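*Asks:* Here is a sequence with its predicted model. Questions after.
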Amino acid sequence: MDIIEFLSYAFVQKALIAGALIAVITAVLGVFLVLKRLSLIGDSLSHVALSGIALGLITNTNPVFMAIPVVMLSSLGIYKISKSAKVHSDGALGIIAAAGIALGLIIATLAGGFNVDLLSFLFGSILTVNLSEIILAAVLLLIIFILIYFFYNDLIAITFDENFAQTAGVNTERINIILVLISAAAVVIALKVVGIMLVSAMIIIPPSAALQLAKTFKRALLLASGFSVAGVIIGIYGAFVFNIPSGAMIISADILILVITVLLKNYALKKR
């Protein structure tokens, strides 16, 4: 199938728009999370999202809109546990993830088991994205750009040295809470692209690829966004042509990009 025919389908156009928006969201946030060693927050929160999605399906409401507040509250729980209960961040992530997946399985079972809608969130189904989800992704991306514009220096400070940032007068608690809340919303929105099983990979892999080549933080943000969008486009096209799940194809494309950037970095180091 040629690219013109591929782009002629309305559902493909919606998938590409939504995928590009979500790719930029996860890539930008991923750079901060990877450098803060909080990249696995996506995995934990995606498990929690199962509970919100199951609630949405039971109550006949949009699962994405139901899952967002549930996951946001859980992200605050992760932050509070790691700060006040003297539990390391990885421990807090594990506790919330376990609670989320357990509750989600209970709700799904009480609702009569896993149906097609729930499975689409488990494994991703970007070709079924609707207009409301595109608008939600666009609004979230706009919010992220606004926050970065106003809090860029503070975000940089807490990313590289939180203790120094606090000493310098940065309200680290406020910035951290903003970051985890936005990350929670991003995780839920990204579920439609790659699913619960792979959402953390979308947050980790493109930023990791960008950090192989970027020499400045801003360049890392741009490269991560570009790599992530490229992965989505390649993944959607591959999924449509070869009838393979879109989530798996997108992550496979991201991994290929990461491998290429690692090889380029190693080649550059050998040339010095």
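*Replies:* Sure thing, it's come through.

*Asks:* what bits of the stretch 1-150 of the chain have low per-residue confidence?
*Replies:* Low-confidence segments of the stretch 1-150 of the chain (pLDDT under 70): 1-2, 84-92, 111-120.

*Asks:* Now with 90, please.
*Replies:* Scanning the stretch 1-150 of the chain with the threshold set as pLDDT under 90 gives 1-15, 18, 35-134, 136-137.

*Asks:* what about the helices in it?
*Replies:* 3-7, 10-35, 41-58, 63-84, 89-110, 116-123, 131-160 (DSSP state H, counting those that start in this stretch).

*Asks:* Just name whatever secondary elements the fifth one is in contact with.
*Replies:* Okay, so that is helix 89-110. In terms of contacts (3 or more CB pairs under 8 Å, 6 or more residues apart in numbering; DSSP states H and E), helix 89-110 is packed against helix 41-58, helix 63-84. No exception for glycine: its C-beta is placed from N, CA and C like everyone else's.

*Asks:* Switch these over to a markdown table; also include distance to Ala20 and mean neighbour count.
*Replies:* Below are those laid out as a markdown table (distance: least, CB to CB, whole Å; neighbours: other CB atoms under 10 Å):
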| stretch | distance to Ala20 | mean neighbour count |
| --- | --- | --- |
| helix 41-58 | 19 | 25 |
| helix 63-84 | 18 | 20 |
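
*Asks:* Make TSV from these and add distance to Ser125 to it.
*Replies:* Putting the helices and strands packed on helix 89-110 into TSV (distance: least, CB to CB, whole Å) gives the following:
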stretch	distance to Ser125
helix 41-58	12
helix 63-84	12
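
*Asks:* Gly94: which of those is closest?
*Replies:* helix 41-58 (7.2 Å; CB to CB).

*Asks:* quick one: that closest one to helix 63-84, angle?
*Replies:* 140 degrees (axes from the mean of the first three to the mean of the last three CA atoms, to 10 degrees).

*Asks:* Show me what helix 41-58 is packed against.
*Replies:* Checking 3+ CB pairs under 8 Å, 6+ apart, helix 41-58 ends up next to helix 10-35, helix 63-84, helix 89-110, helix 116-123, helix 172-194, helix 199-213.

*Asks:* quick one, which of the ones you listed is nearest to Met249?
*Replies:* Between the helices and strands packed on helix 41-58, helix 172-194 lies closest to Met249; by CB to CB that is 9.4 Å.

*Asks:* so how far is that closest one from its chain's centroid?
*Replies:* Computed by CA atoms, centre = their mean, to the nearest Å, the chain-centroid distance of helix 172-194 equals 8 Å.

*Asks:* Stretch 199-206 too?
*Replies:* Its chain's C-alpha centre and that of stretch 199-206 lie 6 Å apart, by CA atoms, centre = their mean.

*Asks:* again, but for stretch 145-165
*Replies:* 19 Å.

*Asks:* which residues are in contact with that stretch?
*Replies:* For stretch 145-165, contacts defined as CB atoms under 8 Å, 6 or more residues apart in numbering pick out 28, 32, 35-36, 168, 170-172, 175-176, 178-179, 182, 217.

*Asks:* so which of those comes closest to Val259?
*Replies:* Leu35 (21.0 Å).

*Asks:* gap between that closest one and Leu198?
*Replies:* As judged by CB to CB, to the nearest Å, Leu35 and Leu198 stand 21 Å apart.

*Asks:* Between those two, which is the more surrounded one?
*Replies:* A side-by-side neighbour count of Leu35 and Leu198, using other CB atoms under 10 Å, places Leu198 first with 25 against 16.

*Asks:* Can you verify my assumption that the more buried one contacts Ser252?
*Replies:* No - using CB atoms under 8 Å, Leu198 makes no contact with Ser252, being 10.0 Å away.

*Asks:* and Gly169, which of the three is it?
*Replies:* Under DSSP: H, G, I helix; E, B strand; the rest coil, Gly169 falls in the coil class.

*Asks:* residue contacts, it?
*Replies:* Counted by CB under 8 Å, 6+ apart, Gly169 has zero contacts.
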